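Student: Sequence first, predicted coordinates after that:
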Amino acid sequence: MAMITITFPNEATREYPKGVKLSEIAASIAPRLAKTALVGIVNGEKLDMTREVHEDARIAFLLGTDDEGLHVLRHSTAHLLAHAIKRLYPEAKFGIGPAIANGFYYDIDCPEVFTPESLQKLEKEMQKIVSEDIPLERIEVSREEALKMFTEAGEIYKVEIINELPADSIITIYREGEFIDLCMGPHVPSTSKIKAFKLQSVAGAYWRGSEKNKMLQRIYGLAFNSKPELEAHVKMLEEAAKRDHRKLGKELELFTLEEEGPGFPFFHPNGMAIRNELENFWRQLHFKFKYQEIKTPVILSRHLWEQSGHWDHYRNNMYFTQIDGEDYAVKPMNCPGSILVYKAKPHSYKEFPMRTCELGLVHRHELSGALHGLMRVRSFTQDDAHIFMLTEQIKDEIQGVIHLFDTVYSVFGLKYHAELSTKPEKAMGNDEVWEVATNALKDALEDYGMPYKINPGDGAFYGPKIDFHLTDSIGRTWQCGTIQLDMLLPEKFDLNYVGEDGQKHRPVMIHRVVYGSIERFIGILIEHYAGAFPVWLAPIQVRILPITTKHVEFAQTFNEKLFELGVRTYVDDRNEKIGYKIREAQVQKTPYTLVIGDKEIETNSVAVRKRGEGDLGSQGIDNFIEMLMAEIKEKK
């Protein structure tokens, strides 16, 4: 019998008969591995456990505890959902059903309008299919066989996908009992491997994301490796629902979203207080880090966007207008305007690094179904900066940006991790330039001592980038800060400087944002703090509550003193019981509530209540002001 050699991740080797199945290899290592392995990796390719190995190979196995294994588990759970739908609603037709973060979804064309009760029925049927321990069988068919099979089944969306494949394509389908689905795989060995899932919600989704196509129903679900992990995530979602920035934004009078401007948020006075504090902090910090602030126009000529590459790579997300018969575009990004500022005069190598920053209003066309509060809007302010430098300054400048990011995020109590995104499929420039830029980012991260992971193919069209993913108070991650290294736009715009040798040279350019979008960052902070902002950010920092009308004059005098110090205050002099006023201050999440009665007037003091701590007792006015101003200044 012909034998093959299998090499494992620890470099150990074993010999097996040619044609051995991955499941048999797993069983030979350990019975537990045979039970827990979901897929095998053979020479870098993920394969079903039923697949045979016919030549020497390097092999590893993925479990549900691995990110890639969990992705396969979630994809298989999408098939499980489709199987349950087909059992309960045989007339249903299927679109696509991929794995996504924390779960999966499936797009369905079905006359039944799915409701929460429908989801409960489907979950019950899914559990039944799991208990039946049905194998997921991979089958290769020709394009013609696949077309015949799915045409006869009336699966019009699968037929559309198959028709776009080359005529000589070998197509894979997966059989799960009586249910068959078009899929490349791989999948878990059987339905019994899927143990922890929950159907979440139903939304509308145009087939293939085009408004010209039919609206399908999209069922979202969660899937995890174990029930405790699922339960922990569900609890986190429940907490997140309480923190929903759209709900809190309205209750705390921070912002609204109106029908007259979908995707264009309206900031109210309370929201502007937060926004102004963020912008003031940003300006102070950038001055400290030796940036110079600029401002560039919102509307610029079409030829600029053609030169920058946005016309070819980003046109579908832009807004356009005509001025004096010429085409113009509303800027989706700030970088071309910043480049024009650079080009306005000659530069010497002695000026570098040259750091410019801008709070630039940009507009991007987003599909209405993608809009989500402040998190996904059509108009937002990017806290952009562009750094022009010499090649030998790249590492120091990137590390300087990382230091700035660390300073900002630590103030808000936000932890983060970094991801390095490499060249996308559609990109400007050759591989050599991209390799140089990518290696420069790697070197800077490694020299700084910052752990990172690679995010293949997710770079900007003009350069690789480092994305900073923030972790909020309930464990969710948000992508905010970005550092993009660009050697291409300086070429396209013929940027230059006079070097030490008296000759013209090409500068290197960094694009970076800290907040990302101020609107989105405010949305993140609302949810991070659950609306209970630290004193320095709170829209109303101090509420003063006179007990009766005879205490109002003292309260107003004290209020004026705080106001002159720049404190945002509010005197609640309504003719209401003091307990009612205190409860309302708590609902509004005011950091400090000060009660003033006869005793306070006599002793020139205030009765202090602190959010989250309750009654702190009486404090002299001067002592309270000193403590308050220190807390604001230190951004505690």
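Tutor: Good, I have the coordinates. Numbers count the residues shown, from 1 in each chain.

Student: C-alpha only now, for contacts and for neighbours.
Tutor: Fine.

Student: which residues sit in contact with Glu160?
Tutor: Listed by C-alpha atoms under 8 Å, 6 or more residues apart in numbering, Glu160 has no contact partners.

Student: buried residues in stretch 270-282?
Tutor: By 16 or more other C-alpha atoms under 10 Å, the buried positions in stretch 270-282 come out as 270-271, 273-275, 278, 282.

Student: List just the nearest of the residues you listed to Gly64.
Tutor: Closest approach between those and Gly64, by C-alpha to C-alpha: Leu278, at 41.4 Å.

Student: Counting neighbours, what do you get for Gln322?
Tutor: Gln322 is flanked by 11 other residues according to other C-alpha atoms under 10 Å.

Student: looking at it, it is touching Val330, isn't it?
Tutor: No - using C-alpha atoms under 8 Å, Gln322 is not in contact with Val330, being 10.6 Å away.

Student: Make a markdown table out of the buried residues of stretch 270-282 and add distance to His75 and secondary structure.
Tutor: Output for those, formatted as a markdown table (distance: C-alpha to C-alpha, whole Å; DSSP: H, G, I helix; E, B strand; the rest coil):
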| residue | distance to His75 | secondary structure |
| --- | --- | --- |
| Asn270 | 44 | helix |
| Gly271 | 41 | helix |
| Ala273 | 45 | helix |
| Ile274 | 41 | helix |
| Arg275 | 41 | helix |
| Leu278 | 41 | helix |
| Trp282 | 42 | helix |
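
Student: List just the nearest of the residues you listed to Gly154.
Tutor: Distances from Gly154 to the buried residues of stretch 270-282, taken by C-alpha to C-alpha, are shortest for Gly271, at 52.3 Å.

Student: Quickly list what Phe255 is bridged to.
Tutor: Beta-bridge partners of Phe255, counted by DSSP bridges, are Phe267.

Student: can you pull the contacts of it?
Tutor: With contact taken as C-alpha under 8 Å, 6+ apart, Phe255 is in contact with 249, 265-268, 271.

Student: Tell me how many other residues crowd Ile100.
Tutor: Ile100 has 15 nearby residues by other C-alpha under 10 Å.

Student: Model confidence for it, exactly?
Tutor: Note on Ile100: pLDDT of 95.

Student: tell me which residues form a beta bridge with Tyr105?
Tutor: What pairs with Tyr105, by the bridge criterion (DSSP bridges), is Tyr220.

Student: Please parse this structure into its domains.
Tutor: 3-62, 69-241, 259-297+347-528, 542-633 (automatic domain parsing).

Student: Most neighbours among the contacts of Phe255, please name it.
Tutor: For the contacts of Phe255, the largest neighbour count, defined by other C-alpha under 10 Å, is 25 neighbours, found at Gly249.

Student: What are the buried residues along whichever strand or helix holds it?
Tutor: Using DSSP states H and E, Gly249 falls within helix 245-251. Buried residues in helix 245-251, counted by 16+ other C-alpha under 10 Å: 245-246, 248-249.

Student: what's the answer for stretch 421-432, then?
Tutor: 421-424, 427-429.

Student: Mind listing residues that contact it?
Tutor: Residues contacting stretch 421-432 (C-alpha under 8 Å, 6+ apart): 313, 434, 438, 454-467, 488.

Student: Run through the residues that contact the closest residue to Lys343 other than its chain neighbours.
Tutor: Residue nearest to Lys343 in three dimensions, not counting chain neighbours: Leu495, with 6.8 Å by C-alpha to C-alpha, 6 or more residues apart in numbering. Residues in contact with Leu495 (C-alpha under 8 Å, 6+ apart) are 343, 506-507.

Student: same thing but at 10 Å, please
Tutor: 339-340, 342-343, 346-347, 388, 489, 504-509 (C-alpha atoms under 10 Å, 6 or more residues apart in numbering).

Student: Narrow these to just the buried residues.
Tutor: Here, 16+ other C-alpha under 10 Å leaves 339, 342, 347, 388, 489, 505-509 buried among these.

Student: min pLDDT across those, which one?
Tutor: Leu489 (87).

Student: Would you agree that one is in contact with Gly309?
Tutor: Yes - with contact defined as C-alpha atoms under 10 Å, Leu489 counts as touching Gly309 (8.6 Å).

Student: shared neighbours, the two?
Tutor: 336, 428, 462.

Student: Is it possible to get JSON lines of those residues that adds pLDDT, distance to Ala370 and secondary structure?
Tutor: As requested, those are exported to JSON lines (pLDDT from 0 to 100; distance: C-alpha to C-alpha, whole Å; DSSP: H, G, I helix; E, B strand; the rest coil):
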{"residue": "Pro336", "pLDDT": "93", "distance to Ala370": "26", "secondary structure": "helix"}
{"residue": "Met428", "pLDDT": "76", "distance to Ala370": "27", "secondary structure": "coil"}
{"residue": "Tyr462", "pLDDT": "74", "distance to Ala370": "25", "secondary structure": "coil"}
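
Student: Can you tell me which of these is closest to Ala99?
Tutor: Tyr462 (28.9 Å).

Student: Pull out the buried positions in stretch 598-605.
Tutor: For stretch 598-605, using 16+ other C-alpha under 10 Å, the buried residues are 600, 604-605.

Student: so what does the host helix or strand of Arg283 touch, helix or strand wise?
Tutor: Using DSSP H and E, Arg283 maps to helix 269-288. Applying 3 or more C-alpha pairs under 10 Å, 6 or more residues apart in numbering; DSSP states H and E, we find helix 269-288 packed against strand 255-256, strand 266-267, strand 292-293, strand 354-363, strand 379-389, helix 394-411, helix 518-528.

Student: Nearest to Glu123, out of these?
Tutor: helix 518-528 (30.0 Å).

Student: Need the CA coordinates for that closest one. PDB is fine.
Tutor: Extracted in PDB, the C-alpha atoms of helix 518-528 (Å, rounded to 0.1, in the frame of the first residue of the first chain):
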ATOM      1  CA  ILE A 518     -16.400  63.000  15.300                       C
ATOM      2  CA  GLU A 519     -20.000  62.000  14.800                       C
ATOM      3  CA  ARG A 520     -19.200  58.300  15.100                       C
ATOM      4  CA  PHE A 521     -16.800  58.900  18.000                       C
ATOM      5  CA  ILE A 522     -19.600  60.700  19.900                       C
ATOM      6  CA  GLY A 523     -21.900  57.700  19.200                       C
ATOM      7  CA  ILE A 524     -19.300  55.400  20.600                       C
ATOM      8  CA  LEU A 525     -18.700  57.500  23.700                       C
ATOM      9  CA  ILE A 526     -22.500  57.700  24.300                       C
ATOM     10  CA  GLU A 527     -22.600  53.900  24.400                       C
ATOM     11  CA  HIS A 528     -19.300  53.500  26.200                       C
END
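
Student: which is the next helix or strand following that helix?
Tutor: Past helix 518-528, the next helix or strand by DSSP H and E is strand 542-546.

Student: so what does that following strand touch, helix or strand wise?
Tutor: helix 552-564, strand 569-571, helix 578-587, strand 592-596, strand 605-610.

Student: now the angle between strand 542-546 and the first one, please.
Tutor: Going back to what we said before, that points to helix 552-564. Relative orientation of helix 552-564 with respect to strand 542-546: 170 degrees, computed using axes from the mean of the first three to the mean of the last three C-alpha atoms, to 10 degrees.
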